[in-house]
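A.B. asks: Next come a sequence and a model predicted from it.
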There are 2 protein chains.
Amino acid sequence: MNKKYTIKDIAKLAGVSKGTVDRVLHKRGKVSPLALEKVNEVLNVIDYEPNLIARNLKNNKIYQICILLPDPEIDPYWLPCIQGIKDAVQEFKAYNILVETFYFNPEKTKSFTNTNETIIEKSPDAVLLAPLFHKETLDAIKKYDSLNIIVNTFNNQVESTLIKNFVGQDLFRSGRVAAKLLNTILIRGHIAIIHIDETYKNAIHMQEKERGFRNYFSEKEDLDYKITTLKLKSPNVEVTLKNFISENPDLAGVFITTSKAYQIAKTISEIKDKKIRIIGYDLIDENVNNLNLGVIDFLIHQNQKRQAYLGITYLVEHFLFHKETPAVTLLPIDIINSENADFYLE
Amino acid sequence: MNKKYTIKDIAKLAGVSKGTVDRVLHKRGKVSPLALEKVNEVLNVIDYEPNLIARNLKNNKIYQICILLPDPEIDPYWLPCIQGIKDAVQEFKAYNILVETFYFNPEKTKSFTNTNETIIEKSPDAVLLAPLFHKETLDAIKKYDSLNIIVNTFNNQVESTLIKNFVGQDLFRSGRVAAKLLNTILIRGHIAIIHIDETYKNAIHMQEKERGFRNYFSEKEDLDYKITTLKLKSPNVEVTLKNFISENPDLAGVFITTSKAYQIAKTISEIKDKKIRIIGYDLIDENVNNLNLGVIDFLIHQNQKRQAYLGITYLVEHFLFHKETPAVTLLPIDIINSENADFYLE
DNA sequence: ACAAAAAATGTGCTCGAACACACTTAAATA
DNA sequence: TATTTAAGTGTGTTCGAGCACATTTTTTGT
């Protein structure tokens, strides 16, 4: 009754050979209308699911997947990806899957293009990219596609029909989440959106978050908030911030669009006479410390680990099981406070 | 170089037959010390991973898994589990896995025991239980174990060495998360922990959450909060609550330990002169509506869908791939506001 | 009508692990 | 020493899908 039907079963039921059933199933042609009819009749009645185990046994090709991301030693934001990759490798080590990780220097465009060339020389079956540099990424994607190498991306969205899958987060929405959080903890007041200028470009990231943040408040115009955008540049972060705070004594909350909230937290925690609320991104150590100290109120988790893990998983499932991969996978925007942070770490 | 070694390869390298290698790998005995030595030497050098695909091909047993949970029509809390089960079934339908779902009436102990008996008659290979009734669960587990049926649990934790795996949440910690949230949005004030008395027993659930909640505040004794526990009984919920609010004009926040926060939200939203903050559990429709209306500030997501999904997945992986399952899997305690709720729904 | 070409169909082998069973060699017993 | 018993080893088959190739049937052309 609940038996799993095999091709042999279908062949017997239809009164043909398994070769014919196989041709029908794979639309390989060379089947008479009569035989086609008979097989289809059986297929309509029973619920045939090919046995994935048997299907893949024969296919002893080793699939090579390369994953390219910024060097976590230069930007610790990418550190959790390593574990995500490890998890995926562990999960699929019993299959013919070979995953190789490549790092590039996020501060240097050249490093990105060079690493892509190294990967191309390996001629893998698929590449998973963290596409930091827009133009160079498009070039790389074109090149990969011409060599029939599948390209998927994670973390940063790049519009291209050549990309099969993107895993990341809706940055606009994450800006809205941050806005709602500040709206919940502050009745009114002056809020600063702080972009800390990185040497490399994640400007689009920061802009999208700001857009979402402002969008939330623009929908509630009756609310009594003043919102200022503050761009801080690398050597002068602390000085500029201190000046801003003393010039704006009504400052009640800040939203930091990068993972550098701890830098702001340090300055703000030194102000003893009032509490300025802080919302930032990413569970890097310094941020979590400040969360536990009560200096940072919330962090938004971008789940890089799962991004990398899912990106690889989709590729493996594509190769091994011919599964359809969704064009875009948006991970949940996790809200973190001191009490639930543990569960999202490692 | 990166070739996958097979048993045949090992046999050739060790100068024995694949039968001998097989006996060594599975410790089936009947191997001479000399042969054992030779095979082990090869195994030490190469990194052998058995091909899971081939291993399972031969094993054409159909594994039957029964999952037992409260009827979602009676308690909508369990509704997301259906989707979690569906997802798991979909994922494993190509393998020999048969999942059958059973509902019991959470208000009737007898219904629980009866359904367990129905399952036992089916003699499945494993059962995944939502163990609502403590004593009856222990009896059922004992019975299952004596019949060599694997028992795993989800949602509710039951101490028993016979259980291979539990998937759920740390309720104590989730109480702490709620406490931290109220601590973040309220500077001071009177807070009420509200237990809405269900007809059936989830008393342990509610107690653990309260314990965690109070534990958080007990650690910060310098804070200016007053915490009251309020038990509301079914027909008089609204009246008792209204009385409490008028008797306690300093009430600033409530923490509802069940999924019935919307009931409280209704009453509280009618109070126009002040804002009482509300934190509750579970993304059921009425709660999410109140989240969007701004009446409920935060919901804590218990991720029932994933609980059911993971519970089944662990069993399948145990049967199919002989994977070790962790004794306890604690899901993250997701904090939900109006802006990120979408991502956790379905 | 008959050979040749084309179309349709069936057979048989492969993948790797698992295990039953046949077989060989060594040890134990009379 | 002959014979039983045990220990050790190798061979061969199975699982289901996929595909190459052999075989059969039908169609086409002369």
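C.D. replies: Sure thing, it's come through.
A.B. asks: low-scoring stretches of the stretch 1-150 of chain A, by residue?
C.D. replies: Counting by pLDDT under 70, the ranges of the stretch 1-150 of chain A that qualify are A:1-2.
A.B. asks: Up against DNA strand D, what does it have?
C.D. replies: Contact residues, the stretch 1-150 of chain A versus DNA strand D (C-beta under 7 Å from any atom of the strand): A:4, A:6-8, A:18-19, A:22, A:25-26, A:50-51, A:54-55, A:57-58. The way it works is simple: take the backbone N, C-alpha and C, and place the C-beta from them, glycine included.
A.B. asks: could you pull out the helices for the stretch 201-346 of chain A?
C.D. replies: A:203-219, A:237-247, A:261-269, A:285-293, A:304-321, A:341-344 (DSSP state H, counting those that start in this stretch).
A.B. asks: Report all helices and strands that the fifth one contacts.
C.D. replies: What that stands for is helix A:304-321. Counting by 3 or more C-beta pairs under 8 Å, 6 or more residues apart in numbering or on different chains; DSSP states H and E, the packing neighbours recorded for helix A:304-321 are helix A:52-58, strand A:63-70, helix A:79-92, strand A:97-104, strand A:126-129, strand A:150-154, strand A:166-168.
A.B. asks: Distance of A:I204 relative to A:Q157?
C.D. replies: 8 Å (C-beta to C-beta, to the nearest Å).
A.B. asks: For the two, indicate the residue with more neighbours.
C.D. replies: A:Q157 (20 against 13; other C-beta atoms under 10 Å in any protein chain shown).
A.B. asks: Contact residues of chain A facing DNA strand C?
C.D. replies: A:16-20, A:23, A:29-32, A:34-35, A:57-58, A:60.
A.B. asks: if we can go back for a sec, make TSV from the helices of the stretch 201-346 of chain A and add distance to A:D170 and mean pLDDT to it.
C.D. replies: Output for the helices of the stretch 201-346 of chain A, formatted as TSV (distance: least, C-beta to C-beta, whole Å; pLDDT from 0 to 100):
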stretch	distance to A:D170	mean pLDDT
helix A:203-219	8	92
helix A:237-247	28	91
helix A:261-269	20	93
helix A:285-293	21	96
helix A:304-321	13	94
helix A:341-344	18	96
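A.B. asks: who wins for proximity to DNA strand D among those?
C.D. replies: helix A:304-321 (10.3 Å; C-beta to the nearest atom of the strand).
A.B. asks: and the closest one, does that touch DNA strand D?
C.D. replies: No - shown here: helix A:304-321 not in contact with DNA strand D (C-beta under 7 Å from any atom of the strand), separated by at least 10.3 Å.
A.B. asks: Pull out the C-alpha coordinates of that helix and format them as PDB.
C.D. replies: C-alpha atoms of helix A:304-321 as PDB (Å, rounded to 0.1, in the frame of the first residue of the first chain):
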ATOM      1  CA  GLN A 304      26.600  35.100   8.100                       C
ATOM      2  CA  LYS A 305      27.200  31.600   9.200                       C
ATOM      3  CA  ARG A 306      23.900  30.400   7.900                       C
ATOM      4  CA  GLN A 307      24.300  32.400   4.800                       C
ATOM      5  CA  ALA A 308      27.400  30.600   3.900                       C
ATOM      6  CA  TYR A 309      26.000  27.200   5.000                       C
ATOM      7  CA  LEU A 310      22.800  27.700   2.900                       C
ATOM      8  CA  GLY A 311      24.700  28.900  -0.100                       C
ATOM      9  CA  ILE A 312      26.800  25.700  -0.200                       C
ATOM     10  CA  THR A 313      23.800  23.500   0.700                       C
ATOM     11  CA  TYR A 314      21.800  24.800  -2.300                       C
ATOM     12  CA  LEU A 315      24.700  24.100  -4.600                       C
ATOM     13  CA  VAL A 316      25.200  20.600  -3.300                       C
ATOM     14  CA  GLU A 317      21.500  19.800  -3.500                       C
ATOM     15  CA  HIS A 318      21.500  21.100  -7.000                       C
ATOM     16  CA  PHE A 319      24.300  18.800  -8.100                       C
ATOM     17  CA  LEU A 320      23.400  15.800  -6.000                       C
ATOM     18  CA  PHE A 321      19.600  15.800  -6.000                       C
END
